[in-house]
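S.K.: can you look at this prediction? I've put the sequence above it.
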Amino acid sequence: MKAYPIKTINIEDAKLLQFKLVDIIHQNFQGNEFLQSGDYGVVSGFGQPRCTEKVEKVLAEFFNCESAVLVRGAGTGAMRNVMNTKLKPNEKIILHQAPIYPTTKVIIESMGLKEVYIDFNDLNEINIDIVQGVDFALIQHSRQQLKDKYNLEEVISRLKEINPNMTILVDDNYVAMKVKKIGVQLGADASAFSLFKLLGPEGIGCVVGTKEIIDKIKKINYSGGSQVQGHEAMEALRSLVYAPVSLAIQGEESNKVVEGLNNGTIKEVKNAFIANAQSRVILVEFNEPIAKEVLSYCNILGAAPYPVGAESRYEITSMFYRVSGTFLESNPDLENFMIRINPMRSGADTIMRILKEAINRTQKGE
């Protein structure tokens, strides 16, 4: 079994991302301003809290794009806002030939969109007969199935080559702050992601992209109740500063676990590898169908049995969980033979200790 994980940044590159973000903060906030909690309301001349406007300016500059907006509804809300500005009911949308992420499917179905599937793993499948006449594409930066290996930049370039007027939205959930460039930095019109998955407050999403798209999103979220308030924006930005290094450490520990398991440290493990499923995790395949039993003991041993926001601020303990729904949809047998592990803030030694003990208890039938 083989996976094609997305290349992520190392700790040194993560430090540079942190320093870049903090430098941009210096350029947009006075020292005393950044020590404030943030303001409230639809401020005259801004149509939003002043602090929110400043944070959005920082994010736009950080991601090298024209504009940015914070929205409610986390990553799903961010994607929905983009799609609402560019699509009308019953219009066509290009998608990758793979199981659709459940919350994304809800948006597509609620808008009555007509799905046009292309296998992004094969650039030859992206041809004029299919693409011409479809003016919107949604690409998930993370993987939807184990066999996915498409290069995001190449897919974006190919779609734009055939139809320059196409709007391309990249779902950058689970990938933002782990890679050098997100979708909008690779030629897409917009990237959408959750700041809750980046240590931020619950329910806050972000869209970065063209000024046209962002202006339309702001227009349809003009009311005070739809606004992300200043204190929420400031909290999200402060949290984001710590995300790249934290996620790089997490990635480093994941690599240590995979190396140890594949060196035969635990004989009951057939194989272990890194995959984006949906977040970047360790997939552990057992020789026997013991996955469900092992997971039940991992919970008793202190590991989180399910995600909160998939790498949110609340997820400190390692997570031992079933394989993602989209992966199971493509291969249901994985449920009994495979688990996914996300170290979160724990080290490789903790992961190995819990896995060994859970397997031992499973074999003893305790």
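M.R.: Thanks, I have the structure now. Residues are numbered from 1 along each chain as shown.
S.K.: how near is the closest residue to A272 other than its chain neighbours to R340?
M.R.: Setting aside the residues directly before and after it, A272 is nearest to L261 in space (CB to CB, 6 or more residues apart in numbering), at 3.8 Å. To be clear about C-beta, it is placed using only N, CA and C from the backbone, and glycine gets the same treatment. Look at L261 and R340: by CB to CB, to the nearest Å, they are 13 Å apart.
S.K.: buried residues in the strand or helix carrying the residue nearest to A272?
M.R.: Using DSSP states H and E, the element containing L261 is helix 230-262. For helix 230-262, the buried set under the neighbour-count rule, 16 or more other CB atoms under 10 Å, comprises 230-237, 239-241, 243-248, 250-254, 256-258, 260-261.
S.K.: quick one: the residue nearest to A272 from K270, how far?
M.R.: L261 is 9 Å from K270, by CB to CB.
S.K.: how about the strands in the stretch 251-366 of the chain?
M.R.: Remark: strands assigned in the stretch 251-366 of the chain by DSSP state E, counting those that start in this stretch are 269-276, 280-286, 319-322, 338-342.
S.K.: E311: which of those is closest?
M.R.: strand 338-342 (7.1 Å; CB to CB).
S.K.: and M177, what does it touch?
M.R.: By CB atoms under 8 Å, 6 or more residues apart in numbering, M177 lies in contact with 17, 198, 240, 243-244, 247.
S.K.: averaged pLDDT, stretch 47-67. What do you get?
M.R.: Mean per-residue pLDDT for stretch 47-67: 97.
S.K.: that one: which residues count as buried?
M.R.: Neighbour counts using 16+ other CB under 10 Å place 47-63, 65-67 of stretch 47-67 among the buried residues.
S.K.: quick revisit: dump the contacts of M177 to a markdown table, plus pLDDT and distance to M79.
M.R.: Shown next, in a markdown table, are the contacts of M177 (pLDDT from 0 to 100; distance: CB to CB, whole Å):
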| residue | pLDDT | distance to M79 |
| --- | --- | --- |
| L17 | 98 | 23 |
| L198 | 97 | 16 |
| L240 | 98 | 19 |
| A243 | 97 | 20 |
| P244 | 98 | 22 |
| L247 | 96 | 21 |
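S.K.: dump the residues you listed into CSV; add distance to I274 as well.
M.R.: Formatted as CSV, the contacts of M177 follow (distance: CB to CB, whole Å):
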residue, distance to I274
L17, 20
L198, 20
L240, 24
A243, 19
P244, 18
L247, 13
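S.K.: which of those sits closest to G205?
M.R.: L198 (10.6 Å).
S.K.: hang on, the earlier thing: show me what contacts the residue nearest to A272?
M.R.: Neighbour list for L261: 269, 272, 282, 284, 352 [criterion: CB under 8 Å, 6+ apart].
S.K.: state the distance from it to A233.
M.R.: Distance, L261 to A233, using CB to CB: 41 Å.
S.K.: ok, N263 next?
M.R.: Counting by CB to CB, the gap from N263 to A233 is 46 Å.
S.K.: go on, A68?
M.R.: 11 Å.
S.K.: shared neighbours of the two, anything?
M.R.: E56.
S.K.: ignoring the adjacent residues along the chain, who's closest to G224?
M.R.: Using CB to CB, 6+ apart, the closest residue to G224 is V42 (5.1 Å).
S.K.: re the thing from before, mind giving me the ChimeraX command for buried ones among the contacts of L261?
M.R.: In ChimeraX, this line selects whichever of the contacts of L261 come out buried by 16+ other CB under 10 Å:
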select :269,272,282,284,352
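S.K.: closest one to M1 out of the contacts of L261, please.
M.R.: The closest of these, once distances to M1 are taken by CB to CB, is A272, at 10.3 Å.
S.K.: still on that earlier bit, which of the contacts of M177 lies closest to G31?
M.R.: For the contacts of M177, the nearest to G31 is L240 (19.0 Å; CB to CB).
S.K.: please look at that closest one and L21 and confirm they touch.
M.R.: Yes. Between L240 and L21 there is a contact under CB atoms under 8 Å: 6.7 Å.
S.K.: what is the burial count for E12?
M.R.: Number of residues near E12 (other CB atoms under 10 Å) recorded here: 9.
S.K.: pLDDT score for Y150?
M.R.: Y150 is given a pLDDT of 96.
S.K.: so who does the residue found closest to it once you drop the neighbours it is linked to in the chain touch?
M.R.: Excluding the flanking residues, the one nearest Y150 by CB to CB, 6+ apart is F120, at 4.0 Å. By CB under 8 Å, 6+ apart, the residues touching F120 are 96-97, 126, 139, 148, 150, 155.
S.K.: any stretches of the stretch 251-366 of the chain with poor pLDDT?
M.R.: Applying pLDDT under 70 to the stretch 251-366 of the chain flags the ranges 326, 330, 366.
S.K.: ok but I9 is inside a strand, no?
M.R.: No. Counting by DSSP: H, G, I helix; E, B strand; the rest coil, I9 is located in no strand; its state is coil.
S.K.: I figured L198 hits R238, correct?
M.R.: No. Using CB under 8 Å, L198 makes no contact with R238, being 11.3 Å away.
S.K.: end to end on stretch 145-158, go ahead and measure it.
M.R.: 21 Å (CA to CA, to the nearest Å).
S.K.: contact partners of it?
M.R.: 1-4, 96, 98-99, 120-121, 123, 126, 139, 141, 168, 170, 181, 183, 186-188, 275, 277, 326-327, 330-331.
S.K.: in strands, which of the residues you listed fall?
M.R.: Counting by DSSP state E, the contacts of stretch 145-158 place 96, 139, 168, 170, 275 in strands.
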